[in-house]
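A.B. asks: how would this look folded up:
(one chain, ligands or ions: 3)
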Amino acid sequence: MKAAVAYEYGGPLSIDEVEKPDPGHDEVSIQIETAGLCHTDIHAVHGDWPAKPKMPLIPGHEGVGIVERAGSSVTNVKEGDRVALPWLAYACGSCEHCISGRETLCLQQENAGYTIDGSYAEYARGFGKYVNKVPDGVDPIDAAPLTCAGVTTYKAVKESEARSSELVVVFGIGGLGHLAVQYARIAGATVAAVDLVDKKLELAKELGATYTFNPKHDDVVEELQKMGGAHAAISTAVSPKAFEQAYQSLRRGGRLVFVGLPAENHIQLPIFETVLQGLTIKGSIVGTRRDLDEVFQLHADGHTTVLRETRTLDTVNESFDDVMHSRMEKPRIVFDFRSN
Ligand code: NAD
Ligand code: ZN
Ligand code: ZN
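C.D. replies: Ligands and ions are numbered 1, 2, ... in the order given. Coordinates of the predicted model:
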């Protein structure tokens, strides 16, 4: 089968013929229809984070496709079902995190396109219990970005505890951020969007943001503080600076949710102001299988719009470059295997 393979950190991906996965008794093999390009895939190939991915690596954790073969003990999906293959490819199911609805914290977890091969391939292997059914009526091109960008920001908005009448600011209006704006609106909040690219801010407006700011020509912190400060800030930006600005944008009692994972891993925050202003800082990592079901349901019911453009897998290297330089027409690139 054809796959995009990284052989060394920072090196280009090559489109190679590799062996098709052979599913074990609790696994499925999925014929991939669509695979989203998440910025995490770029961090993975670059080896940006303290925990490094396997090499060689087939990236991709926004895979959607049809179950081609299901192992003998797989009961929740069957051959012919359309499923999504998310970042949380496996969890143990029995540790304190798994049994308390926080499976994304499981220490035994496997991650698609990071610790195991992912969906930049004609076929991918998944664990039966950790693939989600994609409901009828959800276009597989939309389902791909929802599988990571969607579930991650849906969960982040839950973690932000955003409520109606509150002001929520989203930093970074890329693949993740354009969906974060919509989930914050669904929670009833008034939304401010921040990005360095004006075109992304125009899209944020179309998706329901009331205010937009570009730190290149606006003093974001001052503008938000003039409005009383944000009740919650969600940072999906790939820049530590944005996290500091998000913190400074909060009002007293405000909540800051860290979502983006820039290669530069540290920021400086003041202890005194955090304590005196009663601020909360939370990290939010993807979402559970249940969260992803909810994301698909919202989309099937017409509550969300996925802004994406399709390409073929052969464009993977230039697509990585385009994401790093925000040169796409739409916030998310989806590789469509059906057009190869
Ligand atoms: P993306 O490249 O599509 O979007 C990032 C956006 O941030 C871009 O629009 C860019 O213009 C903007 N940006 C960069 N610097 C900025 C700044 N200083 N201020 C405001 N905006 C700025 O990337 P993505 O796919 O949306 O992913 C975003 C980040 O989230 C990545 O680091 C990714 O690894 C991470 N991520 C985290 C989780 C999680 O579970 N926490 C899940 C998926 C992705
Ligand atoms: Zn992702
Ligand atoms: Zn576990």
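
A.B. asks: so what touches stretch 194-213?
C.D. replies: 169-174, 177-178, 181-182, 185, 190-193, 214-216, 220, 223-224, 227, 237, 242, 245, 305, 307, 326, 331 (C-beta atoms under 8 Å, 6 or more residues apart in numbering). Backbone N, C-alpha and C define where each C-beta goes, glycine included.

A.B. asks: near ligand 1, which residues of the stretch 1-150 of the chain show up?
C.D. replies: Neighbours of ligand 1 within the stretch 1-150 of the chain, by C-beta under 6 Å from any ligand atom: 38-40, 43, 148-149.

A.B. asks: and ligand 3, is stretch 96-112 touching that?
C.D. replies: Yes - on the criterion C-beta under 5 Å from the ion, stretch 96-112 is in touch with ligand 3 at 98, 106.

A.B. asks: list the buried residues in that stretch.
C.D. replies: By 16 or more other C-beta atoms under 10 Å, the buried positions in stretch 96-112 come out as 97-98, 103-104, 106, 109, 111-112.

A.B. asks: ok, stretch 242-256 next?
C.D. replies: So, applying 16+ other C-beta under 10 Å, buried residues of stretch 242-256: 242-243, 245-251, 254-256.

A.B. asks: picking up where we left off before, quick check on the contacts of stretch 194-213: which are buried?
C.D. replies: In the contacts of stretch 194-213, the ones that pass as buried (16+ other C-beta under 10 Å) are 169-174, 177-178, 181-182, 185, 190-193, 215, 220, 224, 237, 242, 245, 307, 331.

A.B. asks: from the residues you listed, which are also near ligand 1?
C.D. replies: 171-174, 177, 215, 237, 242, 331.

A.B. asks: mind listing what the residue most central in space within the chain touches?
C.D. replies: For the chain, the residue lying nearest the average C-alpha position, counting by C-alpha atoms, centre = their mean, turns out to be residue 149 (2.8 Å). Counting by C-beta under 8 Å, 6+ apart, residue 149 makes contact with 36, 38, 62, 175-176, 178-179, 332.

A.B. asks: widest-spaced pair of the residues you listed?
C.D. replies: 62 and 178 (14.3 Å; C-beta to C-beta).

A.B. asks: ok, residue 246 touching residue 235?
C.D. replies: Yes - the pair residue 246 / residue 235 is scored as a contact, 4.4 Å apart, by C-beta atoms under 8 Å.

A.B. asks: which neighbours do those two have in common?
C.D. replies: With C-beta under 8 Å, 6+ apart, residue 246 and residue 235 have common neighbours 171, 256.

A.B. asks: all helices of the stretch 151-300 of the chain, in order?
C.D. replies: With DSSP state H, counting those that start in this stretch as the criterion, the stretch 151-300 of the chain has helices at 151-160, 177-186, 198-206, 220-226, 240-248, 271-276, 289-300.
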